[in-house]
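K.L.:
heads up, no residue letters with this:
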């Protein structure tokens, strides 16, 4: 049986991850660390683990071969680099870093350490996202001209972050506000669909609506990204939406698809049955959550495809540029 440690318990997804780890019979959590000792003890008690006051205890423990890093984003660099030095497999909650400098440094260290890496881009496993990935790869849209993606919820409207998760509303600690927090998921989908092809330029507008967490924390935003083949992609994300019915749309010279109200519509001149007037009845099977994929690979070397550290770094790089463009009110070059 493999042994994990929980390193940092700050992220809003930590309670769900604790439940997931408790449900596994093929691994155990031995130690928990957080700079907040009370938070570490609370999660250690839930896991039947030991709260440790010195994170080096984990790095030096040869029985622990993997870690789950759910700290505040501004602690990622120090923790990830230490995990690499200790040759620990790792799940690191998204975003990987605050921007280009720390993300690229971490990605290089992870690659050189040769450890298992995964981050929390769980939307890749959704049936509609898998269908679009396959259709793009098969060229069923012809030349793709536009892609639109949305990821919004009511986090600010309903104050989801007070009190435990308020750090996520401080861009100095989290690296981003609402636009980056939710937008990184659909940016991941966009770049995953395009095999990590990077845009050539982009621009964004971000703002607050109700200023639930002050004016320094953006609550929504939208960007446009241009690729060297002419493709234009837009991403919208925010915490001030009562619903998010239209999740994505792809338009091309031979077809289009969109996912709205949990129904996928697809039309292609290259597929006789794809008329686009009725929702598709059959989609690919939903895949396990990104965290489960990591635990599977960690526990018994199942060869699930995981998000590479380089790919995770690219997402942080793009959002750093988009936030800079919003501040400077001009296009950012990639």
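P.N.:
Everything's here; your move. Just so it is clear, the model here is predicted, and its values are computed rather than measured.

K.L.:
How confident is the prediction for the residue located most distally from the centre of the chain, by pLDDT?
P.N.:
In the chain, the greatest distance from the average C-alpha position (CA atoms, centre = their mean) is reached by residue 272, at 35.6 Å. Note on residue 272: pLDDT of 95.

K.L.:
roughly how far apart are it and residue 158?
P.N.:
Separation of residue 272 from residue 158 (CB to CB, to the nearest Å): 46 Å. (Glycine included, C-beta is placed from N, CA and C.)

K.L.:
same thing with residue 78?
P.N.:
Computed as CB to CB, the residue 78 to residue 158 distance reads 33 Å.

K.L.:
Spell out which residues make up each domain of the protein.
P.N.:
2-119, 123-286+308-333 (automatic domain parsing).

K.L.:
got the phi/psi numbers for residue 16?
P.N.:
phi -70, psi -40 (degrees, to the nearest 10).

K.L.:
Residue 22 versus that one, what's the distance?
P.N.:
11 Å.

K.L.:
now swap in residue 1 and tell me
P.N.:
Residue 1 is 14 Å from residue 22, by CB to CB.

K.L.:
Looking at these two, which is more packed in?
P.N.:
For residue 1 versus residue 22, neighbours defined as other CB atoms under 10 Å are more numerous around residue 22 (12 against 8).

K.L.:
Please state the offset of the helix or strand harbouring that one from the chain centre?
P.N.:
Secondary structure from DSSP states H and E places residue 22 in helix 14-23. Averaging C-alpha positions (CA atoms, centre = their mean, to the nearest Å) puts helix 14-23 18 Å from its chain's average.

K.L.:
Quick check: mean pLDDT of it?
P.N.:
The model assigns helix 14-23 a mean pLDDT of 98.

K.L.:
now swap in stretch 303-313 and tell me
P.N.:
Stretch 303-313 comes out at a mean pLDDT of 97.

K.L.:
How about the helix holding residue 22, which residues are buried there?
P.N.:
14, 17, 18, 21 (16 or more other CB atoms under 10 Å).

K.L.:
who's the nearest residue to the first one once chain neighbours are set aside bridged to?
P.N.:
Leaving aside its chain neighbours, residue 14 sits nearest to residue 70 (4.7 Å; criterion: CB to CB, 6 or more residues apart in numbering). Beta-bridge pairing for residue 70 (DSSP bridges): residue 9.

K.L.:
how deep is residue 70 tucked in, by neighbour count?
P.N.:
25.

K.L.:
ditto for residue 271
P.N.:
14.

K.L.:
how about it, what does it touch?
P.N.:
If you count contacts by CB atoms under 8 Å, 6 or more residues apart in numbering, residue 271 has them with 140, 255.

K.L.:
Find me the pLDDT at the residue nearest in space to the middle of the chain, would you?
P.N.:
For the chain, the residue nearest the mean C-alpha position is residue 121 (3.6 Å; CA atoms, centre = their mean). Note on residue 121: pLDDT of 98.

K.L.:
ok, now the one 10 residues further on?
P.N.:
Here the pLDDT value assigned to residue 131 is 98.

K.L.:
OK, contacts around it?
P.N.:
257, 264, 266, 280, 283, 284.

K.L.:
The fourth one: helix or strand, and which one exactly?
P.N.:
When you say that, I think you mean residue 280. Counting by DSSP H and E, residue 280 is part of no helix or strand.

K.L.:
Show me the beta-bridge partners of the closest residue to it other than its chain neighbours.
P.N.:
Among residues not flanking residue 280 along the chain, residue 264 sits closest, at 4.9 Å (CB to CB, 6+ apart). For residue 264, the beta-bridge assignment (DSSP bridges) gives partners residue 259.

K.L.:
Quickly note the distance from residue 264 to residue 186.
P.N.:
Distance from residue 264 to residue 186, by CB to CB: 16 Å.

K.L.:
just residue 294 next, same as before
P.N.:
Taking CB to CB, one finds residue 294 at 21 Å from residue 186.

K.L.:
just to revisit the earlier point, dump the contacts of residue 131 into a markdown table; add pLDDT, neighbour count and distance to residue 228 as well.
P.N.:
Below are these laid out as a markdown table (pLDDT from 0 to 100; neighbours: other CB atoms under 10 Å; distance: CB to CB, whole Å):
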| residue | pLDDT | neighbour count | distance to residue 228 |
| --- | --- | --- | --- |
| 257 | 98 | 24 | 23 |
| 264 | 98 | 19 | 29 |
| 266 | 98 | 24 | 27 |
| 280 | 97 | 17 | 31 |
| 283 | 98 | 15 | 31 |
| 284 | 98 | 14 | 29 |
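
K.L.:
List just the nearest of these to residue 32.
P.N.:
residue 284 (36.2 Å; CB to CB).

K.L.:
Does residue 107 fall in a helix, a strand, or a coil region?
P.N.:
Following DSSP: H, G, I helix; E, B strand; the rest coil, the label given to residue 107 is helix.

K.L.:
Quick one: neighbours of it, just the number.
P.N.:
By other CB under 10 Å, neighbour count at residue 107 equals 23.

K.L.:
for residue 295, same thing?
P.N.:
27.

K.L.:
Assess the claim that it and residue 21 are in contact.
P.N.:
Yes - look at residue 295 against residue 21 with CB atoms under 8 Å: they come within range, at 7.3 Å.
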